[in-house]
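K.L.:
sequence and predicted structure below; questions after.
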Amino acid sequence: WQATWWVAEWPRQAVPAGFLVPLLVPSRWRQRLVVVLAPLGPTEARRQAERARTADLADAELRQRSGFLRTARRRREEQAVWDRERELAEGHAACRFAGYLTICTDDRPGLEAAAEELEQRAARAGLELRRCYGDQLEAWLATWPTGDGLP
């Protein structure tokens with residue numbers, strides 16, 4: 001029995017180098033953590049950055065017209081968009097990445113117990129997980145050493 005999770009949210013704050021240790025320590029079941037990187041072509045990276053900046057500007061205008069104040073979080077998100085566009089202009093490569101966790105057990109009750117424990121350990125590491133259901137096979141294959149990239 002096996003199940004795979006997609007890392008939906010990585011820590012948004014500075015974390016120590018060993019933040020993934022709760023997921024890497026030996027456990028009672030077989031587990032695999034994989035981070036897959038896929039480089040983006042320059043044209044696609046530029047398009048994504050421009051799309052993000054346009055959406056950001058439109059959102060800011062709508063919020064201003066509606067009377068909402070800019071929060072610190074919103075300013076940080078806007079700065080991240082500008083930083084990404086500047087990095088692309090300077091020639092830095094862009095890539096997309098995804099993280100997957102897979103666990104394997106000998107029986108279904110063991111799988112559910114392992115799943116509960118894995119989700120608790122991921123929360124301690126500052127990760128938000130989403131269990132893969134409809135795309136379980138593709139996500140599971142991405143965690144194999146011979147995985148062929150992002151699903």
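P.N.:
Arrived safely.

K.L.:
mind listing what residue 13 touches?
P.N.:
Listed by CB atoms under 8 Å, 6 or more residues apart in numbering, the contact set of residue 13 reads residue 126. To be clear about C-beta, it is placed using only N, CA and C from the backbone, and glycine gets the same treatment.

K.L.:
what's the pLDDT at it?
P.N.:
Looking at residue 13, its pLDDT is 81.

K.L.:
could you do residue 151 as well?
P.N.:
So residue 151 comes in at 51 (pLDDT).

K.L.:
ok, residue 148 next?
P.N.:
53.

K.L.:
buried residues in the host helix or strand of residue 52?
P.N.:
Here residue 52, judged by DSSP states H and E, is contained in helix 42-66. Under the neighbour-count criterion of 16 or more other CB atoms under 10 Å, helix 42-66 has 45, 48-49, 52, 56 buried.

K.L.:
so what does it touch, helix or strand wise?
P.N.:
helix 72-89, strand 94-104 (3 or more CB pairs under 8 Å, 6 or more residues apart in numbering; DSSP states H and E).

K.L.:
in CSV: the ones you listed, plus distance to residue 35 and mean pLDDT.
P.N.:
Below are the helices and strands packed on helix 42-66 laid out as CSV (distance: least, CB to CB, whole Å; pLDDT from 0 to 100):
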stretch, distance to residue 35, mean pLDDT
helix 72-89, 19, 86
strand 94-104, 5, 85
